[in-house]
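Q: 3D, please:
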Amino acid sequence: MMKNNYTYEVGDVVTMKKPHPCGSKEWEILRVGADFRLKCMGCGHQIMIARKLVEKNTKDLKKKA
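A: Residues are numbered from 1 along each chain as shown. Sure, this is the predicted structure:
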């Protein structure tokens with residue numbers, strides 16, 4: 001299995017493999033650590049999710065400007 005070597009930072013936008021129920025696949029990172037706090041770019045919903053799950057399901061990472 002390929003390991004993504006992304007460096008996750010607050011403000012970056014992660015594109016996940018599966019869409020949120022609202023249809024958006026993009027999440028903004030609000031907090032980094034063992035758990036991430038992510039905000040859906042579509043509907044604004046916030047979730048706490050384990051780092052392992054974020055790393056596993058990341059398709060793309062856009063660094064903040």
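Q: Low-confidence bits of this protein, can you list those?
A: 1-4 (pLDDT under 70).
Q: What segments of it are helices?
A: Per DSSP state H, the chain carries helices over the ranges 51-57.
Q: which residues does the spatially most central residue of it contact?
A: A centroid search over the chain (C-alpha atoms, centre = their mean) returns Val14, at 3.9 Å, as the residue closest to the centre. By C-beta atoms under 8 Å, 6 or more residues apart in numbering, Val14 lies in contact with Tyr8, Glu26, Trp27, Glu28, Ile29, Leu38, Val54, Thr58, Asp60, Leu61, Lys62. (C-beta placed from N, C-alpha, C; glycine too.)
Q: And for the first one, the neighbour number?
A: Going back to what we said before, that points to Tyr8. 15 (other C-beta atoms under 10 Å).
Q: That one and Phe36 touch, don't they?
A: Yes: contact criterion C-beta atoms under 8 Å: Tyr8 and Phe36 qualify, at 7.0 Å.
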